[in-house]
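*Asks:* Fold the following, please.
(one chain, ligands or ions: 1)
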Amino acid sequence: MKKAIYPGSFDPVTNGHYEIIKRASGMFDRLIVLISVNPNKHSSFSVEERADLLRRVCYDIPNVQIDSCSGLIVDYFREHDCDIIVKGLRAMSDFETEFQMAHVNKHLCPRAETVFLCADNENTYLSSSMVKQIAVFGGDISPFVPESIKEDIMKRLDTTKTNGGTQK
Ligand code: ADP
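*Replies:* Numbers count the residues shown, from 1 in each chain. Next up is the predicted model:
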């Protein structure tokens with residue numbers, strides 16, 4: 001049985017993440033979508049909120065499980081007896097950091113292989129931060145996030161509603 005983890009911030013999950021989840025879930029017996037908690041990185045959504053959004057988006061993919069970890073990814077990988085680390089690659093900008101990360105992980109845990117899945121064309125320029133910037137100003141995020149969570153993201157981030165329609 002091949003068990004993979006797909007680590008990331010997922011702050012919040014986007015169509016780009018979802019597309020990688022669907023493809024990876026078809027390649028491995030089990031896929032753990034792992035919210036990695038970095039105390040030095042500001043997040044807009046709490047870990048619980050991010051996990052809840054991910055669970056709702058992945059509810060119909062039976063071999064996908066959502067979890068979180070606040071330590072090293074390789075420690076989680078070892079403790080949970082995983083086989084593969086899955087990463088998504090967008091434009092070239094992702095490559096350098098991801099390449100470095102894959103090597104560091106392999107150094108720390110020699111059996112930790114990273115598999116890269118290239119983003120679909122329409123998701124190549126999509127990031128959680130872009131979604132958040134649009135949402136904050138009341139823009140339409142529907143092309144970028146799964147329909148089932150769109151309203152929840154807007155409720156949390158849309159400042160044009162919370163400021164009574166005025167922007168700072
Ligand atoms: P970000 O905050 O930049 O959106 P995350 O840390 O949540 O990124 O990303 C987790 C993983 O998902 C990383 O491997 C990242 O390269 C990948 N990923 C993020 N956005 C996309 C996308 N639009 N298409 C494909 N993979 C993506």
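
*Asks:* Please make it C-alpha for all contacts and neighbour counts, starting now.
*Replies:* Will do.

*Asks:* Show me where this structure dips below the pLDDT cut-off.
*Replies:* Residues of the chain that meet the criterion pLDDT under 70 lie in 162-168.

*Asks:* let's see it at 50
*Replies:* Flagging of the chain using pLDDT under 50 yields the residue ranges 164-168.

*Asks:* got the residues of it near the ligand?
*Replies:* The interface of the chain toward the ligand, taken as Cα under 6 Å from any ligand atom, is made up of 7-10, 16-17, 87-90, 94, 119, 123-124, 126-128.

*Asks:* Quick one, which of these are buried?
*Replies:* For the residues of the chain next to the ligand, a neighbour count by 16 or more other Cα atoms under 10 Å gives the buried set as 7-10, 16-17, 87-90, 119, 123, 126-128.

*Asks:* In helices only, show me these.
*Replies:* Using DSSP state H, the subset of these located in helices is 16-17, 128.

*Asks:* Contacts only, for residue 55.
*Replies:* Residues in contact with residue 55, defined by Cα atoms under 8 Å, 6 or more residues apart in numbering, are 65-66.

*Asks:* cool, and residue 115?
*Replies:* Taking Cα under 8 Å, 6+ apart as the test, what residue 115 contacts is 84-87.

*Asks:* quick one: contacts for the closest residue to residue 146 other than its chain neighbours?
*Replies:* Here the nearest residue to residue 146 in space, its sequence neighbours aside, is residue 15; by Cα to Cα, 6 or more residues apart in numbering that works out to 6.0 Å. Taking Cα under 8 Å, 6+ apart as the definition of contact, the neighbours of residue 15 are 123, 144-146.

*Asks:* again, only this time at 6 Å
*Replies:* By Cα atoms under 6 Å, 6 or more residues apart in numbering, the residues touching residue 15 are 144-146.

*Asks:* Can you give me the separation between it and residue 144?
*Replies:* Using Cα to Cα, to the nearest Å, residue 15 is found at 5 Å from residue 144.

*Asks:* got JSON lines for the contacts of residue 115, with distance to residue 139 too?
*Replies:* Output for the contacts of residue 115, formatted as JSON lines (distance: Cα to Cα, whole Å):
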{"residue": "84", "distance to residue 139": "37"}
{"residue": "85", "distance to residue 139": "34"}
{"residue": "86", "distance to residue 139": "31"}
{"residue": "87", "distance to residue 139": "28"}
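
*Asks:* Tell me the one of the residues you listed nearest the ligand?
*Replies:* When those are compared for distance to the ligand (Cα to the nearest ligand atom), residue 87 wins out at 3.7 Å.
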